[in-house]
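Undergrad: Turn this into a structure:
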Amino acid sequence: MTSLIKRNASGNTDHGDANLLINEVGGIGEAARRERAAGFDAWLGSLVPEREGIALVAVGGLGRRQCAPHGDLDLVLLHAGVPGVDELAASLWYPIWDAGVRLDHSVRTLAEALSVAQDDVKVALALLDARFVAGDRALADTLIRTAADHWRRTAVRRLPALREITESRWRTHGELAFLLEGDLKEAAGGLRDVGLLRAIATAGITDALRPAVRAAHLRLLDTRDALHQQVGRRVDRLVAQERDGVAGLLGLRQSPPGGSDDAHQSAPVASDGDVLLRRVAGDARTVSHALDDAWRAADRLRSGRRRGGDGRPVRRPVARDVVEHDGELVLARTAIGARPDPSLSLRIAAAAATTRLPIARATCEWLAAYCPPLPAPWPPAARAALITLLGAGPGLVPAWETCDRYGLIDGWLPEWPRLRSLPQHNPVHRFTLDRHLVQTAYEASRHTRDVDRPDLLLLGAFLHDIGKGLPGDHSTVGAPVAEAVAARIGLPAPEAALIGTLVRLHLLLPDVATRRDLDDPVTIAGVAERVGDTTTLDLLHALVRADAAATGPAAWSDWKGRLVAELVARVRTALDTGALPAPPAPDPALVAGPLPVVHLTEDRVSVAAADRRGLLATVAGCLALHRLEVLAADASTVDGRALVECRVQPRYGLAPDPIALSADLRRAVNGDVSVTQRLRGRALAARGEGAAPRVVWHREAATDAVLLELRAADAAGLLYRVTCALDEAGAQVRAARISTLGGDVVDAFYLVGGWPSDADRARLEAAVLAAV
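TA: Predicted structure coming up:
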């Protein structure tokens, strides 16, 4: 490392060149980090005079000798009240700043440093990483020793405040295990949480830094090293465009198979970056789980929870073979034998979820080592325990995560390793696939009273996306996999088949509700035929709501909920009575009075005008001009007047001025050229880049029309551009349904007339794609 310290002709250190060289030292791994730390030590040592009462102390990454390629420096200039400290500090800090190195610094006496640490728990933690760099070693050692001793004496009392700060940070940065672009340092399960574990271990509260945690920590440090090297500057957020490069630097090359091209239904396309994300997720979960254990150990020390008069922990039976001991669940003594019950791990997991008590670490380790595999089919006790676990509500997720950390889930479900930490690249998803499945079961537990078979709802919710990660449409390929799991669990063949149906059709209701005309009898009849009975319909309705809630806020809306409920009600009527919906009657206010007629409500825009071509496109463009998104549009002709009715929502959350909107609509439908020019100019400006658009045709999806489905990137004015193109190509649009999936749309256009010829379809398709 001495090559990093460059000297000029007079023999003095050239500080700028030295720091520049240090910043350029790359390399990934523990040895490279220590080499960078040694280079900083040598350079900083040359800046500090050998003088009694002055010491330079490193904290943070340099204190731990874990310097990232483009990390910063955290330094404390410690002094014993000697004169000239300010001048010395300036001579130290300015060369660092001049070299472009980020610096967090302080100048304190020993008493000041200890006082600040006593008042600020974050400073107290930082001093646990303190390390002597240069100057008066005895002074530095006194600070390091005293700070550590004080922390050991006060840690149990101070941890609640530290936990509050930590949970606030988690709320800001999220959980690293489930983020597509997580902060490797600040997110829950990241590097800063390892620092908490180190502090808890230093206090002697528990052995928080077990081998699995140390290994996860080293891998997270390597990932950050590679990220710095890939980007060329300090950055802790693992953004999408850097993932493959970081994975390459880490030698992660294995790529699982991908899926189809529908962003909402396909398996995520695997890449080197996906392998990296899965590794980061696993390491973050290891850190988070260890920190949960550490917090509980601290709580027990602080409160002496559930101890009897003799000071010994109280044991309380909570389920068969399960006992609460000192706030944790352990096995009853009678359950530990030469041949444990194969359902034992599931039963203790169900007890943990229902009581919301953690399973003791030693119990998890014993179960992982000695609990035998479940036979096929499962015994009734195991099946009942799984349903209890899935339906436990808020206790499900922590109990499941604990069992997963110790490998118990793999013994229940051989499919689980393929699903664990699998990223979902559609931006509407907030969780990795495995957590999404568990979260969906949790959300489904809110709807168990709405269905006849709550057990099948919970199991169907848990298995609904099991086909992701396999080639093809995950709903189709996942159905036989889910059916096989249900049979292995011990469900009778008809119930296992119903689970397969739920998986196969779990996207049917939201897709039809948002992409098809619910007033068309063909739409309702088609859904009724596929669903088959009201029991399945109710299960699918509950599953849709649970899936959306587990996916994220962008996956659901009041409007979407109303459409799905409307579809379910109409299909139920068709299944019960065979009656299909009659065509809706036009709004009387639109078919009478002078033209044009414009009616505005909070979520609906209705226009009546003289019948002419292009009216739907004109109305859609005017709504786009006023920043309204069209969710559904219907066009019809009654007694020579054209009616256009649109369901809308503000694009940016702010409703437009109704007076201005009404005036523009009246002028536009009357053919005002100035409005038309504004519409066209705005539409051209809205054109953007994205994945190649695609057109799909559906022949028998409507009573009196064919369906043209457009899949493209979302953009303001898209509906206007497409309807204009269709009108100019000679097609008549009687209805449109717009479905937004993150940054993409699936827009369905009902074109009046018979099935077009091959040439006509090609011409219409080319016109639509050109408009997009």
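
Undergrad: ok, A608 - contacts?
TA: The contact partners of A608, taken as CB atoms under 8 Å, 6 or more residues apart in numbering, are L590, V591, L595, P596, V597, R641, A642, L643, V644. For glycine as for every other residue, the C-beta is placed from the backbone atoms N, C-alpha and C.

Undergrad: any idea how far the first one lies from I144?
TA: Think L590. Counting by CB to CB, to the nearest Å, the gap from L590 to I144 is 81 Å.

Undergrad: Of those two, which one has the most company?
TA: Taking other CB atoms under 10 Å, L590 and I144 do not tie; L590 has more neighbours (23 against 19).

Undergrad: Now do the domain split for this protein, please.
TA: Domain assignment for the chain, taken from automatic domain parsing, gives 2-159, 174-303, 436-584, 596-771.

Undergrad: Export those to TSV and append columns for mean pLDDT.
TA: Below are these laid out as TSV (pLDDT from 0 to 100):
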stretch	mean pLDDT
domain 2-159	84
domain 174-303	85
domain 436-584	94
domain 596-771	84
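
Undergrad: Mind putting these into JSON lines with distance to L357?
TA: Shown next, in JSON lines, are those (distance: least, CB to CB, whole Å):
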{"stretch": "domain 2-159", "distance to L357": "20"}
{"stretch": "domain 174-303", "distance to L357": "10"}
{"stretch": "domain 436-584", "distance to L357": "17"}
{"stretch": "domain 596-771", "distance to L357": "38"}
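
Undergrad: quick one: which of the ones you listed is nearest R405?
TA: domain 174-303 (4.7 Å; CB to CB).

Undergrad: May I have the distance across that closest one, first residue to last?
TA: In terms of CA to CA, to the nearest Å, the two terminal residues of domain 174-303 are separated by 29 Å.

Undergrad: start the count at 26, not 1, going forward
TA: Understood, numbering begins at 26; the last thing we discussed is domain 199-328.

Undergrad: Figure out how far that domain is from the centre of its chain.
TA: 14 Å (CA atoms, centre = their mean, to the nearest Å).

Undergrad: One more: stretch 461-475?
TA: That offset, for stretch 461-475, works out to 18 Å (CA atoms, centre = their mean).

Undergrad: Name the residues of that stretch that are buried.
TA: H461, L462, V463, Q464, T465, A466, Y467, E468, A469, S470, H472, T473 (16 or more other CB atoms under 10 Å).

Undergrad: Dump the C-alpha coordinates for that stretch into CSV.
TA: This file holds the C-alpha atoms of stretch 461-475, laid out as CSV (Å, rounded to 0.1, in the frame of the first residue of the first chain):
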residue,chain,number,x,y,z
HIS,A,461,-46.0,-11.8,-2.2
LEU,A,462,-47.5,-15.3,-1.8
VAL,A,463,-47.4,-15.1,2.0
GLN,A,464,-48.8,-11.6,2.0
THR,A,465,-51.7,-12.6,-0.3
ALA,A,466,-52.6,-15.4,2.1
TYR,A,467,-52.5,-12.8,4.9
GLU,A,468,-54.8,-10.4,2.9
ALA,A,469,-57.1,-13.3,2.1
SER,A,470,-57.6,-14.0,5.8
ARG,A,471,-59.6,-10.7,5.8
HIS,A,472,-62.2,-12.3,3.4
THR,A,473,-62.6,-15.8,4.9
ARG,A,474,-66.1,-14.9,6.1
ASP,A,475,-67.2,-14.0,2.6
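
Undergrad: Give me the distance from whichever strand or helix holds R178 to the chain's centre.
TA: Using DSSP states H and E, the element containing R178 is helix 162-198. When distances are taken as CA atoms, centre = their mean, helix 162-198 is centred 31 Å away from the chain's centroid.

Undergrad: what packs against it?
TA: strand 79-84, strand 98-104, helix 135-144, helix 146-152, strand 156-160, helix 216-227, helix 297-328 (3 or more CB pairs under 8 Å, 6 or more residues apart in numbering; DSSP states H and E).

Undergrad: want to throw those into a markdown table with distance to H253 and mean neighbour count?
TA: A markdown table is the format used below for the helices and strands packed on helix 162-198 (distance: least, CB to CB, whole Å; neighbours: other CB atoms under 10 Å):
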| stretch | distance to H253 | mean neighbour count |
| --- | --- | --- |
| strand 79-84 | 19 | 24 |
| strand 98-104 | 15 | 23 |
| helix 135-144 | 29 | 16 |
| helix 146-152 | 21 | 20 |
| strand 156-160 | 22 | 21 |
| helix 216-227 | 13 | 21 |
| helix 297-328 | 15 | 21 |
